[in-house]
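Participant: pasted the sequence and its predicted model underneath.
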Amino acid sequence: MVEMLIESVRVSLMTNSQVVILKEVEGKRRLPIFVGKPEGDAITFHLNNIAVPRPLTHDLAASILKSLDAEVSHVVISDLHKQHFYALIVLCPQGDAEAEITIDARPSDALAIAVRMGCPIFANERVLDEAGVEPVELTKTPSKEDLGAFDDFISSLDLSDLDKDK
Amino acid sequence: MVEVKVESVRVNLVGTHRVVVLKEVNSERYLPIWIGQAEAESITLRLTNTKVPRPLTHDLIVDAIRALGATVRYVLVNDLRDETFYARLVLRTRDGKELSIDSRPSDAIAIAVRVDCPIYVDDDVMAQHSHQPEEESSEEKQEEEDLGAFKDFLSTLDLDDLDKK
């Protein structure tokens, strides 16, 4: 398992969906996961400390877990099957790590609960290998030689012609 | 406390909100509560036994409650302040302790329909905010009489003439 953090929650302008970008804590790979709007909002509101007059569904989930003395040990993006991500929420009743209970969840719900319970987020290594993306970065600033063709083109231009058409 | 059932979930055509209508058991009082779209869908999907490929948030909550050995005893719509309804989710823990958790009515109802527990409404809330369907009043009978002139007019028409032109 690889520990992840929520890098961003982005809005898709084409659909009603939002995309949660998870980033490896010790690495560069990102894992983009599409989530529904209510779940995306639930994650964003909590991370931005946006006060809501009444508890959202995930606030209720968190207060139920706390009232029942259950700790969330961690959540894990556990599988990817037919373009659907699967997640597990791992609970410790009465904080007892020996008595772990795992609950099947959508990643969006698992993440919305993880941010509220302050627990770590993991991704299965295989899922990350399959769906993780590494951002393309400029590895070096272009050298004078790389720009040579562009220089040649510029110097071939006869700028004195520019006004002659008028 | 008054026991109610979910009578219907209705769509408001001018907004994204939905209305869940609660009906008093053994009585004709109805309590409409505005709820969000996601919660309305969650209630509807369950009441229509629609299979969903992955657990919805309320399915997950119910799974967690059960996995922790607790049960939902009932839910209660207990207050209405500043046009906002309040509800409580009443749980019994594995060791028999009773817990009452603050919730929006929509979430409480979405959970209640999944665990098949009773839904209650506070007496005062029901008394002040429920509606009763109007029975056919003498006013409506009066209206029928008012339409008499229209009926007379209709009977004077000779519809056989219609095609003659």
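Facilitator: Arrived safely, thanks for sending.
Participant: the strand or helix carrying residue A:9: how far from the chain's middle?
Facilitator: For residue A:9, the host element (DSSP states H and E) is strand A:2-11. Its chain's average C-alpha position is 3 Å from that of strand A:2-11, according to Cα atoms, centre = their mean, to the nearest Å.
Participant: and the next helix-or-strand element following it, what does it pack against?
Facilitator: Following strand A:2-11 in sequence order, the next helix or strand is strand A:18-24 (DSSP H and E). When contacts are defined as 3 or more Cβ pairs under 8 Å, 6 or more residues apart in numbering or on different chains; DSSP states H and E, strand A:18-24 packs onto strand A:2-11, strand A:30-35, helix A:37-47, helix A:107-117. All C-beta atoms are positioned from the backbone trio N, CA, C, and that covers glycine.
Participant: partners of the strand holding residue A:9, with directions?
Facilitator: strand A:18-24 (antiparallel), strand A:121-123 (antiparallel) (DSSP bridges).
Participant: now the first one and helix A:37-47, what's the angle there?
Facilitator: Strand A:18-24 and helix A:37-47 meet at an angle of 50 degrees, taking axes from the mean of the first three to the mean of the last three Cα atoms, to 10 degrees as the criterion.
Participant: so which of the helices and strands packed on strand A:18-24 gets nearest residue B:102?
Facilitator: For the helices and strands packed on strand A:18-24, the distance to residue B:102 is smallest for helix A:107-117, at 14.8 Å, taking Cβ to Cβ.
Participant: can you give me the buried ones in that closest one?
Facilitator: Under the neighbour-count criterion of 16 or more other Cβ atoms under 10 Å in any protein chain shown, helix A:107-117 has A:107, A:108, A:109, A:110, A:111, A:112, A:113, A:114, A:115, A:116, A:117 buried.
Participant: for burial, what's the neighbour tally of residue 71?
Facilitator: In the absence of a named chain, this looks at chain A. Residue A:71 is flanked by 17 other residues according to other Cβ atoms under 10 Å in any protein chain shown.
Participant: other chain: chain B
Facilitator: Counted with other Cβ under 10 Å, residue B:71 comes out at 13.
Participant: ditto for residue B:57
Facilitator: Each residue near residue B:57 was counted by other Cβ under 10 Å, and the total is 27.
Participant: that one and chain A: what is the separation?
Facilitator: 5 Å (Cβ to the nearest Cβ, to the nearest Å).
Participant: with residue B:156 instead?
Facilitator: Residue B:156 sits 58 Å away from chain A, going by Cβ to the nearest Cβ.
Participant: element containing the closest residue to residue B:63 other than its chain neighbours, please.
Facilitator: Leaving out its chain neighbours, the residue that sits closest to residue B:63 by Cβ to Cβ, 6 or more residues apart in numbering or on different chains is residue A:103, at 5.2 Å. Residue A:103 is located in strand A:101-105, with elements delineated by DSSP H and E.
Participant: enumerate the positions of that strand that are buried.
Facilitator: Neighbour-count burial for strand A:101-105 flags A:101, A:103, A:104, A:105 (criterion: 16+ other Cβ under 10 Å).
Participant: a markdown table please, covering the residues you listed and showing pLDDT.
Facilitator: What follows is those, written out as a markdown table (pLDDT from 0 to 100):
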| residue | pLDDT |
| --- | --- |
| A:101 | 95 |
| A:103 | 97 |
| A:104 | 97 |
| A:105 | 97 |
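Participant: which of those sits closest to residue A:6?
Facilitator: Among those, and counting by Cβ to Cβ, the member closest to residue A:6 is residue A:105, at 15.8 Å.
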